[in-house]
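> fold the following and give me the result.
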Amino acid sequence: MNITIVGTGYVGLVTGTTLAELGNSVYCVDIDEKKVEGMKSGIVPIYEPNLEEMFLRNIQAQRLFFTTDLKEALDKSEVIYLALPTPPGEDGSADLSYVLKVANDIGEMITEYKVIVNKSTVPVGTADKVKEVILSKTHIPFDVVSNPEFLREGFAVEDSMNPARVVVGSSSEKAKEVMSKIYQPFTNTGVPIIFMDEKSSELTKYASNSFLAVKITFMNEIANYCEKVGADVDKVRLGMGSDDRIGNRFLFPGIGYGGSCFPKDVKALIKSGKDEKFHFQILEATENVNAAQKIILISEIEKYFGGNIKGKTIAVWGLAFKANTDDIREASSLDNIKILLEKGANIIAYDVVAENNVQKLIGNTIKYAKSMYEALENADALFIATEWPEFKNPNFDLMAEKMKNKVIFDGRNMYPLEIPEQNGFFYKSIGRKTILN
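A predicted model of the protein is given here:
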């Protein structure tokens, strides 16, 4: 099947590459000429594990193409996926201007029946809006489908090739047949395709992400309470997670959630509720708790240094909002760095892939190290913000040798408590006793 993907961000590029891997001819459209030329030359514009190999394989097989010409791609394709940004406005609402602009262009350009697939995360009722815009421009028959993505950054290729389910919102039998054909390679292996109406499909994505945000935040509150009463959150987590009604995923405490999905989707669902005079009390509490959780270790750092961190050098391990991605949107590292700088601390940071994105955002207000150990040179303390695998088993002797003080503030609970204790480090983590050494 011939398919067009409009937008080559995380969702668009991974979706397009996956659909090409399944044997389709895929035309990826983007307005950024430099980006398109780079992709034509085999340059992957985002960091995502295992994406580059699949990307290059499908270019070579002549199943994956890139263009800035939307009309050319539309003319070649039966199905058009919209994988466009829906950034939050100041009031939390999802900005649909990119989606509706492309819908308008599609209405002016199509000459035969097309299935337009909303892959972007969009509020309830967006499929109807897209349909209205296209109808205002053409009498050519078409259908609009909601087909939300459930990709985890850092695992997007794995999730796209091995989905837990495929959700399709459509009231058209013809469109359902087309979508069934596209996803047949998955359904043949037992992956369920769940058909529903468009509005239910749109809400499914928001509800899923918001629930996971609530789960993370609940566990963070339990972790904070553990510290008050002397319980160990790791043991509580294991006890809870062994209950199959709860499950053991998203129960790891830390310095809050970030990224491009959870914060944006929680805000958007709260705003959508307000538009309907509905109050999402749990989600508002989740948002407030998460904002505080992201910087919960700042007071602990100040406490350790007697209330004054001016002139102290803090090494930061990790800048991405999570491991296995270069995405720094809503990253907890940035919230903490901002406050530490305001309080007069010096920051030297290391991240395996996200450094360039941070430099573009905050420039040289901090120093950047070429390795995790270089970041520790004469550091008064180490702050761990991202759970990169290379941080899991460090050389504590080398760390002690390089640092002024053997002090770790761990926002991701990277180490069993006995490890820093045996190595003579002060160690403050989340929801567990502090190792005072």
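> make sure Phe66 is indeed in a helix.
No: if the criterion is DSSP: H, G, I helix; E, B strand; the rest coil, then Phe66 is strand and not within a helix.
> from Ile348, how far out is the nearest residue in space to it that is not next to it in sequence?
Leaving aside its sequence neighbours, Phe66 sits nearest to Met39 (CB to CB, 6 or more residues apart in numbering; 4.5 Å). Every C-beta, even on glycine, is put in place using the N, C-alpha and C of the backbone. According to CB to CB, to the nearest Å, Met39 stands 34 Å off from Ile348.
> now for the residue nearest to Phe66: which residues touch it?
Thr8, Cys28, Asp30, Pro45, Phe66 (CB atoms under 8 Å, 6 or more residues apart in numbering).
> and what of Val168?
So Val168 contacts Val145, Ser146, Asn147, Lys176, Met179, Tyr183, Ile193, Ile194, Phe195, Met196, Ser201 (CB under 8 Å, 6+ apart).
> is it true that the fourth one touches Phe195?
The one in question is Lys176. Yes: under the criterion of CB atoms under 8 Å, Lys176 makes contact with Phe195 at 6.0 Å.
> ok so, going back, neighbour-wise, which of the contacts of Met39 leads?
Most neighbours among those, by other CB atoms under 10 Å: Cys28, with 27 neighbours.
> my read: that one touches Arg63, true?
No: judged on CB under 8 Å, Cys28 makes no contact with Arg63 at a distance of 11.2 Å.
> give me the number of residues near the closest residue to Gly259 other than its chain neighbours?
The shortest distance from Gly259 to any non-neighbouring residue, by CB to CB, 6+ apart, is to Phe321 (4.5 Å). A count of nearby residues for Phe321, using other CB under 10 Å, gives 28.
> out of the contacts of Met39, which sit inside strands?
Among those, DSSP state E puts Cys28, Phe66 in strands.
> let's see the pLDDT reported for His260.
Rather than His, residue 260 is Ser. Note on Ser260: pLDDT of 86.
> thought it was touching Ile46?
No: look at Ser260 against Ile46 with CB under 8 Å: they stay out of range, at 11.2 Å.
> circling back: how close does the residue nearest to Gly259 sit to Val122?
Look at Phe321 and Val122: by CB to CB, they are 22 Å apart.
> and what of Thr187?
Distance from Thr187 to Val122, by CB to CB: 24 Å.
> which of the two has more neighbours?
Set side by side, Thr187 and Val122 give different neighbour counts by other CB under 10 Å, the larger being at Val122 (23 against 12).
> so where's the stretch 201-350 of the chain shaky on pLDDT?
Within the stretch 201-350 of the chain, the set of residues satisfying pLDDT under 70 is empty.
> show me where the stretch 151-300 of the chain has strands.
166-169, 193-196 (DSSP state E, counting those that start in this stretch).
> comparing the ones you listed, which comes out most buried?
strand 166-169 (a mean of 22; mean count of other CB atoms under 10 Å).
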